[in-house]
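>>> Pasting the sequence and the predicted model now:
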Amino acid sequence: MKAIIIERTGGPEVLTRADVEEPAPGDGEVLVDVAAAGVNYIDTYHRDGTYPQPLPFRPGLEGAGRVRALGAGVEGFAEGDLVAWKAAPGSYAEQVVVPAAELVPVPEGVEPDTAAALLLQGLTAHYLATSTHPVAEGEWAVVHAGAGGVGLLLTQIVKLHGGHVLATTSTPEKAELARAAGADEVAGYDDFAARARELTGGRGVDVVYDGVGRATFDAGLQALRPRGLMALFGASSGQVPPFDLQRLNPAGSLYVTRPTLVHYASDPAELRARAADLFGWVASGRLDVRVGHRYPLADARRAHEDLQGRRTTGKLLLQP
């Protein structure tokens, strides 16, 4: 089968397509024919060595496809079932082996591309808005990168819970996408803190959902109300440097957390409950999933270049 492999860490040029042996499922595992693989920022961290992986390795974690074969002891799935997953290393491939505990069934009415585009970023948006800071009616949230894959989904989920969204974007075109997703207001990255204060009568927003990191973190603290929460869940602009916790005191007894999906979906029951919410919202028309671009598997390098160059909106997919 065809797969993308990485033999040395570095830029997008280290992503190469190769012929590899077809995998076989072991105990508790499922072999899936990949219909689409999601491209995510964490893939770039694996590729460049920010999150080290044993070399060589096959990148990609997320996807959707049809069950091809079951390993021993697997129950609840059958050959031909449409399934999706968020954490199966090697998903940039025509086939991938997925632990059965990581699989979620995809219901009727949800297409494979939609499932692949939704799961990792949708689960991230779900835990942020329902668990890290459960949005209450009337609360204000800053959603950074409001036209990105997580941003578009997170904005919609905040609105489903009765909240208000100030989204940040870098271009007028992206601002329109954020508004179409339900953002009440849109600001640039340079002036969002001042706009957050204006919108809340000087009080500040209840929560900042920050997947940008270094470039937005300090201003995000300035945008918060007393006892507000900074949820730092990514670092597309670079990692936030260490800072003095005493800063949180005079700023209003602020909270800062660095959540990750691993700790919000480690239990299969919790994972499937969150996924069921997402797929249910999609099937009922209350959650729109935007696929920004589809690439052939061989164009994985271009997908990473586009993602890191901020030339994209919505979700990027590789299609074997």
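That came through, no problem.

>>> switch to C-alpha atoms for all contacts and neighbour counts from now on
Will do.

>>> Now do the contacts for the spatially most central residue of the chain.
Taking Cα atoms, centre = their mean, the centroid of the chain lies closest to Gln121, which sits 2.5 Å from it. Counting by Cα atoms under 8 Å, 6 or more residues apart in numbering, Gln121 touches Gly149, Val150, Leu153.

>>> where does it fall, helix, sheet strand or coil?
Per DSSP: H, G, I helix; E, B strand; the rest coil, the secondary structure class of Gln121 is helix.

>>> May I have the strands that pair with whichever strand in the chain runs longest, each with its orientation?
The residue-count maximum for a strand in the chain (DSSP state E) belongs to strand 29-39. Paired neighbours of strand 29-39 in the sheet (DSSP bridges): strand 62-70 (antiparallel), strand 95-99 (antiparallel), strand 315-319 (antiparallel).

>>> Tell me, how many residues neighbour His46?
20 (other Cα atoms under 10 Å).

>>> what's the helix or strand for it?
Element membership of His46 [criterion: DSSP states H and E] is helix 41-48.

>>> circling back to that earlier point, would you mind putting the contacts of Gln121 into JSON lines with secondary structure alongside?
Below are the contacts of Gln121 laid out as JSON lines (three-state DSSP):
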{"residue": "Gly149", "secondary structure": "helix"}
{"residue": "Val150", "secondary structure": "helix"}
{"residue": "Leu153", "secondary structure": "helix"}
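
>>> Help me confirm that Ala115 is found in a strand?
No: using three-state DSSP, the assignment for Ala115 is helix, not a strand.

>>> Dump the helix or strand hosting Ala196 to CSV, keeping only the CA atoms.
Ala196 is part of helix 192-199 when elements are defined by DSSP H and E. The C-alpha coordinates for helix 192-199 follow below in CSV (Å, rounded to 0.1, in the frame of the first residue of the first chain):
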residue,chain,number,x,y,z
PHE,A,192,-8.8,42.1,20.1
ALA,A,193,-8.1,42.8,23.8
ALA,A,194,-9.4,46.4,23.5
ARG,A,195,-12.4,45.2,21.6
ALA,A,196,-13.1,42.6,24.2
ARG,A,197,-13.2,45.3,26.9
GLU,A,198,-15.5,47.5,24.7
LEU,A,199,-18.0,44.7,24.1
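
>>> What helices and strands are in contact with that helix?
helix 217-223 (3 or more Cα pairs under 8 Å, 6 or more residues apart in numbering; DSSP states H and E).

>>> Would you mark the buried spots in the helix it packs on?
Phe217, Gly220, Leu221, Gln222, Ala223 (16 or more other Cα atoms under 10 Å).

>>> Over to the closest residue in space to the third one that isn't next to it in sequence. Which of the three states is it?
Spelled out, that is Leu221. Of all residues not flanking Leu221 in the chain, Met230 sits nearest, at 6.9 Å (Cα to Cα, 6 or more residues apart in numbering). Here Met230 is recorded as strand under three-state DSSP.

>>> roughly how far apart are Met230 and Ala87?
Applying Cα to Cα, to the nearest Å, the value for Met230 to Ala87 is 26 Å.

>>> Compare those two (neighbour count), which wins?
Met230 (24 against 18).

>>> ok, back up a step: so how far is the helix holding Ala196 off the chain centroid?
26 Å (Cα atoms, centre = their mean, to the nearest Å).

>>> just stretch 39-51 next, same as before
13 Å.
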